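1. for reference, the sequence and a predicted model appear below.
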Amino acid sequence: MSPRSPREISVLVPPGLAPLYPDDPSRIGPYLVLGRLGQGGTGTVYAAVDVSSPNVGERLVAVKTLTSPELEDPSTYPALTRRLRSLAGIDSARVVTPLVHDTDANPPWLAMPYTAGERLSHYVTKRGGLGSGKLIALAVGLAEGLSVLHARSVSHGALRPSEVMLGPDGPHIMDCAVAPSASRMRGHGATWLSPERYRGGAPSPAADVFAWGAVVAFAGTGRLPFGTGEADEIAERAADGSFDLADLAPGLRPMVGRALDPDPDRRPSLREVVGAVIAVWQAEHNADAQQPGREEISRILEREWHAIEPPARIPEVVRLEGHMAGKRPTRLLFAAGTAVLALALIGTGVWGVGRILPSPADDEPSAEAAADAAQEAQEEEEEETTIVVRLDPSEQEDPEEGPYVYTPVDRDDTPIRDQGAPTHEYWASEWDEAGEPGEAEIDPDAEVLCAKFCTAPDDVHIDDDFRGTLEITAEEFVDYLSWGPVMILEVTFDEESMEGDGPREIVQITEVFTD
């Protein structure tokens with residue numbers, strides 16, 4: 001076996017790592033970028049190589065570029081620096097903290113340990129509410145993580161199920177670097193915003209306690225504690241204390257109810273939260289027997305997560321080009337080069353076949369060929385009742401009554417999964433127009449399944465075929481058309497409505513999306 005080149009190192013990478021977009025960086029600070037791990041409202045997270053690490057298992061890091069609107073004003077950078085320094089000083093298994101950061105870079109970035117697992121939002125959406133053991137372990141773990149943040153004078157400000165990563169060692173609080181403004185959180189995160197935050201208040205420990213209560217309620221029931229609807233409707237219920245904890249474990253209802261109190265002064269401290277939740281665990285495990293100590297209880301609760309095993313990482317050799325110049329790692333360049341070579345070979349093959357087969361001018365078409373052509377022409381004339389369309393609310397003259405303008409779209413490739421939910425602008429741009437725009441009405445009884453944007457949910461609700469699974473009413477969908485962004489939809493028309501010249505009638509709508 002020949003020795004490995006000093007310009008090559010081995011890295012353990014996640015299986016199916018999403019590729020980079022054309023405008024993504026190939027290097028961030030001292031790290032070589034390999035692919036995308038996710039994208040959110042405060043920036044993009046990349047898988048990258050720490051070439052200085054001697055340990056193969058520790059070379060993979062997560063590097064996040066911070067591009068949120070909260071950082072558009074340069075005067076915010078000193079506060080960002082102080083926040084990242086405080087986070088870097090935290091030693092906790094419950095919070096993902098920076099290893100290195102650079103707020104002078106454009107854009108600012110931070111490197112974090114790579115954390116494998118499954119987001120709480122996805123876990124609950126797929127499996128439903130957590131059992132008692134996992135729920136208590138989650139409630140304690142999140143409260144402990146928030147306590148550590150508050151001890152360093154840092155309020156998370158945006159705790160929600162999508163910011164909690166579940167792994168075999170328990171929950172990890174993520175995305176602590178930038179707290180989104182209340183105005184940005186209102187649309188997609190109203191459920192997790194305390195009333196004072198919804199009104200524009202700054203992040204605070206009391207607001208984090210409220211978010212803790214909402215997250216635990218969701219995790220324990222599989223439902224949003226204040227129900228669904230417009231952001232203002234949800235906020236009004238939160239301000240009135242109108243939450244639904246009916247299916248939450250009885251022992252946790254009192255503490256979660258206090259955490260969701262509209263008055264921040266009446267909410268419990270995190271010390272009270274941890275003590276009360278542990279008391280629930282003790283009551284469920286024979287209060288008459290000698291109870292284990294606090295550390296032993298923590299170890300017992302941690303065992304609840306052992307069954308959550310992230311996919312094993314796979315070894316990959318990465319070539320270091322020219323003293324770490326600003327180029328993509330060879331594995332990416334090789335993939336691109338292979339694709340170009342394959343296209344060249346395919347082109348050569350097509351040319352060769354064209355030289356061997358007779359041209360249409362050399363032979364008259366046979367009767368059989370003519371019949372086939374006629375059949376194909378007839379099939380092309382028959383319009384499909386189910387198509388994929390782009391529907392842009394901004395193009396609708398009357399979003400409440402219709403008719404609604406749509407554009408047929410298509411794509412040649414299969415969407416890429418697990419690279420973070422793309423913005424609606426990017427997702428819509430991935431689809432090509434495949435026909436002339438048309439007009440349609442929406443049946444009031446139409447079946448509608450949302451994936452991401454229809455009701456501005458905080459999470460992605462899709463099946464293995466990129467199709468939405470969150471059921472809403474046609475009325476809710478029509479309401480969305482008065483304020484929401486563009487969507488990609490699979491729509492089914494009523495066959496009779498396709499026979500006339502007027503607008504067609506849509507009887508089924510399924511949003512198409514990826515994550």
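-> On my side now, so go ahead. Bear in mind that the values here come from a model prediction, so they are computed numbers and not experimental data.
2. for my notes, confirm residue 255 occurs in a strand.
-> No - looking at residue 255 with DSSP: H, G, I helix; E, B strand; the rest coil, it is helix, so not inside a strand.
3. what's the per-residue pLDDT of it here?
-> With respect to pLDDT, residue 255 scores 98.
4. for the residue nearest to it when sequence neighbours are not counted, phi and psi?
-> Closest residue in space to residue 255, ignoring its immediate chain neighbours: residue 276 at 4.5 Å, by CB to CB, 6 or more residues apart in numbering. For every residue, glycine as well, the C-beta is placed using N, CA and C. Backbone torsions of residue 276, given as degrees, to the nearest 10, read phi -70, psi -40.
5. burial measure for residue 276, as a count.
-> Close neighbours of residue 276, defined as other CB atoms under 10 Å, add up to 18.
6. go on, the one 3 residues further on?
-> Under the neighbour criterion other CB under 10 Å, residue 279 is assigned a count of 13.
7. just the one 4 residues further on next, same as before
-> Around residue 283 sit 10 other residues, with neighbours defined as other CB under 10 Å.
8. so it is in which element?
-> In the assignment (DSSP states H and E), residue 283 maps to helix 270-284.
9. state the mean pLDDT of that helix.
-> 93.
10. in terms of secondary structure, what does that helix contact?
-> helix 132-151, helix 205-221, helix 253-259, helix 294-302 (3 or more CB pairs under 8 Å, 6 or more residues apart in numbering; DSSP states H and E).
11. how about these in a markdown table, adding mean neighbour count and distance to residue 18?
-> Below are these laid out as a markdown table (neighbours: other CB atoms under 10 Å; distance: least, CB to CB, whole Å):
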| stretch | mean neighbour count | distance to residue 18 |
| --- | --- | --- |
| helix 132-151 | 22 | 27 |
| helix 205-221 | 25 | 26 |
| helix 253-259 | 20 | 36 |
| helix 294-302 | 14 | 30 |
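12. check these for me: which has the lowest mean pLDDT.
-> Across these, helix 294-302 gives the lowest mean pLDDT, at a mean of 82.
13. now it against helix 132-151, angle please.
-> With axes from the mean of the first three to the mean of the last three CA atoms, to 10 degrees applied, the angle from helix 294-302 to helix 132-151 works out at 120 degrees.
14. what's helix 294-302 packed up against?
-> Packed against helix 294-302 by the contact rule (3+ CB pairs under 8 Å, 6+ apart) you find helix 132-151, helix 270-284.
15. out of these, which gets nearest to residue 489?
-> Closest of the helices and strands packed on helix 294-302 to residue 489 is helix 132-151, at 34.9 Å (criterion: CB to CB).
16. now do the next helix or strand after the closest one: distance to the chain's middle.
-> Downstream of helix 132-151, the first helix or strand assigned by DSSP H and E is strand 164-167. In this view, strand 164-167 has its centroid 13 Å away from the chain centroid, taken as CA atoms, centre = their mean, to the nearest Å.
17. ditto for stretch 445-461
-> 14 Å.
18. need the residues that contact that stretch.
-> Stretch 445-461 has contacts (CB atoms under 8 Å, 6 or more residues apart in numbering) with 121-122, 125, 160-162, 187-189, 191-192, 228, 231, 421, 424, 462, 466-474, 476-477, 480, 484-485, 487, 506-513, 515.
19. using ChimeraX, define a selection of the buried residues within these.
-> Buried members of those, defined by 16 or more other CB atoms under 10 Å, are picked up in ChimeraX with:
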select :121,122,125,160,161,162,188,189,191,192,231,421,424,462,466,468,470,472,474,476,477,480,484,485,487,506,507,508,509,510,511,512,513,515
